[in-house]
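A.B. asks: dropping the sequence and predicted coords here.
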Amino acid sequence: MKIKDVLMFDPAVRGLVNQGQARIVSMESRESLQELRGELSSFVCEGEYAEGIIKILRAYLGGLAQTSQKAAWVSGFFGSGKSHLLKVLCHLWQNTRFSDGATARGLTPTMPDEVNALLRELDTAGKRAGGLLAVADSMPSGTTDRVRETILSMILRSVGLPSQYPCAHFCLWLHEQGLLEQFKSDIEAEGRDFSKEITNLYVSGSIARSLMTRIPNLAGSERDVHQLMKTQFPPLRSDITTEEFVQTALAALSLRGKEGRLPCTVLILDEVQQFIGESNERVSLITEITEAIQKQMKSHVMIVGAGQSALTEQRLFVWMLDRYTVRVQLSDSDVETVTRKVLLQKKPAALDKIEKTLSDHAGEISRQLHGTNIAERSEDRQIILDDYPLLPVRRRFWEQCFRQIDAAGTHSQLRSQLRIIHDAIARIAEKELGALI
């Protein structure tokens, strides 16, 4: 029997999902949907990951009956699994459905009873409100002075509106007039793609002709319509105001709700700390937007931010302390659990043979690094079967090496550990049972 025959998944056949690095991206392409399925199927909802989901769900549900909603901050070292946790939370929240009928919650292997109970409670709240919606994206790197517009564009995309503020504002006006669906039909009847045509708001002949047909007294010519568009829905020269942010976000979210009600919404902003950098202005604006969302969106929208540092660790973040009161701190304590469940999981039928092999060679195993402070320990017996083909003593040896040669901590990251163990197993997959990493 070979190593690959005792493992639940052959590393030579099944690659590492997303190379151990989750990215919060749109789910429009077949590749991104396939990656998402793999991430959901391999998500280990235990330890700090489960506690984080429970904290956020419990806080949101508790805030629904209050005058303001809470906000959450997820922190952890670079590569600790923040993006993975937030991405999974996003799809568990709205229980994303795939084309074959599979759902996010159905694909996730095992979740604690409390997580399942809170998700059922969220479903009930969604039915009473306007449904469930998860908005998630990474804050952009580089420089931008349009913080409110950047966050609003995420909400606009999530409800099927153009991400550009003037174009979305125009579509919302059409909706108020009861003309949006007719307008879309007019554009498509001319063989145009509505989502592309709307970005040409000031020059599109199709848009002008539809408006002149639907609102006969609006303008005398297409040129007059284009001029009217520039006047009523002018291009942005600077960031929108917080008042415009709130009004537009409420109008956009209402499109997804029922009878004008807001859906139960989580707004996930990844890489917030990287976006803020050393800018006092950006941290002030993030705080201002967070407060507006908390207090002016009927307690139906919860904002979740993420960064490498806890809020208490950065002087610049002192303004955010009173806003982000739900704190989720990820460490490396769950790295071993994840590697065992994702990469080292064994076939039940092979457990007895692996245990006998380890027992037959117990003497050799005990002599590994005998006399050192990382030698075999009595508690190793409880995990040696789960760790095979990696020995607990060799895992401790790795940890000691990492601390000495990797002061920055980059190789103790969850994604690095996943990649290292995956590649190591792949190298010995064809060897007979008894081989070790």
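C.D. replies: All right, it came through fine.

A.B. asks: quick one: low-confidence ranges for this protein?
C.D. replies: Along the chain, the parts satisfying pLDDT under 70 run over 14-28, 77-79, 142-144, 332-334, 406-416.

A.B. asks: which SSE is the residue nearest the centre of it in?
C.D. replies: Computing the C-alpha centroid of the chain and ranking residues by C-alpha atoms, centre = their mean puts residue 87 first, at 2.1 Å. For residue 87, the element it lies in under DSSP states H and E is helix 82-94.

A.B. asks: next: residue 338.
C.D. replies: Secondary structure from DSSP H and E places residue 338 in helix 335-342.

A.B. asks: and the helix holding residue 87, what does it pack onto?
C.D. replies: When contacts are defined as 3 or more C-beta pairs under 8 Å, 6 or more residues apart in numbering; DSSP states H and E, helix 82-94 sits against helix 30-41, helix 47-63, strand 72-76, helix 104-107, strand 132-138, strand 264-270, strand 301-307, strand 326-330. Where you see a C-beta, it was placed from the backbone N, CA and C, and this is true even at glycine.

A.B. asks: show me what counts as buried in the last one.
C.D. replies: Burial within strand 326-330, assessed by neighbour count using 16 or more other C-beta atoms under 10 Å, is assigned to 326, 328, 330.

A.B. asks: which residues sit in contact with residue 283?
C.D. replies: Contacts for residue 283 (C-beta atoms under 8 Å, 6 or more residues apart in numbering) come out as 276, 316-317, 319-320.

A.B. asks: how about the residues you listed, which pair is most distant?
C.D. replies: Maximum pairwise distance in these, criterion C-beta to C-beta, is 10.5 Å, between 276 and 319.

A.B. asks: have a look at the two and say which one is more surrounded.
C.D. replies: residue 276 (23 against 15; other C-beta atoms under 10 Å).

A.B. asks: that one touches residue 316, doesn't it?
C.D. replies: Yes - counting by C-beta atoms under 8 Å, residue 276 does reach residue 316; the two are 7.0 Å apart.

A.B. asks: hmm, who's touching stretch 380-399?
C.D. replies: Contacts of stretch 380-399 (C-beta under 8 Å, 6+ apart): 3, 336, 340, 344, 346, 351, 354-355, 358, 365, 368-369, 374-377, 412, 421, 424-425, 428, 435-437.

A.B. asks: apply 7 Å and report the result again.
C.D. replies: Taking contacts as C-beta atoms under 7 Å, 6 or more residues apart in numbering, the residues outside stretch 380-399 that touch it are 3, 340, 344, 351, 354-355, 358, 365, 368-369, 374-376, 421, 425, 428, 435-437.

A.B. asks: just the buried members of those?
C.D. replies: Listed as buried from the contacts of stretch 380-399 are 3, 340, 344, 354, 358, 365, 368, 374, 376, 421, 425, 428, 436-437; burial here means 16+ other C-beta under 10 Å.

A.B. asks: farthest pair in those residues?
C.D. replies: Largest pairwise distance in the buried ones among the contacts of stretch 380-399, by C-beta to C-beta, is 24.2 Å, between 3 and 374.

A.B. asks: what about residue 361, how many neighbours?
C.D. replies: Neighbourhood size, residue 361 [other C-beta under 10 Å]: 12.

A.B. asks: same check on residue 171?
C.D. replies: Going by other C-beta under 10 Å, the residues that sit close to residue 171 add up to 24.

A.B. asks: go on, residue 7?
C.D. replies: As a measure of burial, residue 7 has 20 neighbours, counting by other C-beta under 10 Å.

A.B. asks: and the nearest residue to it once chain neighbours are set aside, what does it touch?
C.D. replies: Closest residue in space to residue 7, ignoring its immediate chain neighbours: residue 346 at 6.3 Å, by C-beta to C-beta, 6 or more residues apart in numbering. Residue 346 is in contact with 6-8, 354, counting by C-beta under 7 Å, 6+ apart.

A.B. asks: in helices only, show me those.
C.D. replies: Among these, the residues falling in helices (DSSP state H) are 6, 354.

A.B. asks: which pair of the contacts of residue 346 spans the longest distance?
C.D. replies: 8 and 354 (12.4 Å).

A.B. asks: grab the nearest non-local neighbour of residue 268.
C.D. replies: Using C-beta to C-beta, 6+ apart, the nearest residue to residue 268 is residue 136, at 3.8 Å.

A.B. asks: swap in residue 190?
C.D. replies: Computed as C-beta to C-beta, 6+ apart, the closest residue to residue 190 that is not its neighbour in sequence is residue 206, at 5.0 Å.

A.B. asks: name the helices or strands packed onto the host helix or strand of that neighbour?
C.D. replies: Residue 206 belongs to helix 205-214 when assigned by DSSP H and E. In terms of contacts (3 or more C-beta pairs under 7 Å, 6 or more residues apart in numbering; DSSP states H and E), helix 205-214 is packed against helix 180-189, helix 222-232.

A.B. asks: in JSON lines, list those helices along with mean neighbour count and distance to residue 146.
C.D. replies: Converted to JSON lines, the helices and strands packed on helix 205-214 look like this (neighbours: other C-beta atoms under 10 Å; distance: least, C-beta to C-beta, whole Å):
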{"stretch": "helix 180-189", "mean neighbour count": "15", "distance to residue 146": "26"}
{"stretch": "helix 222-232", "mean neighbour count": "15", "distance to residue 146": "20"}
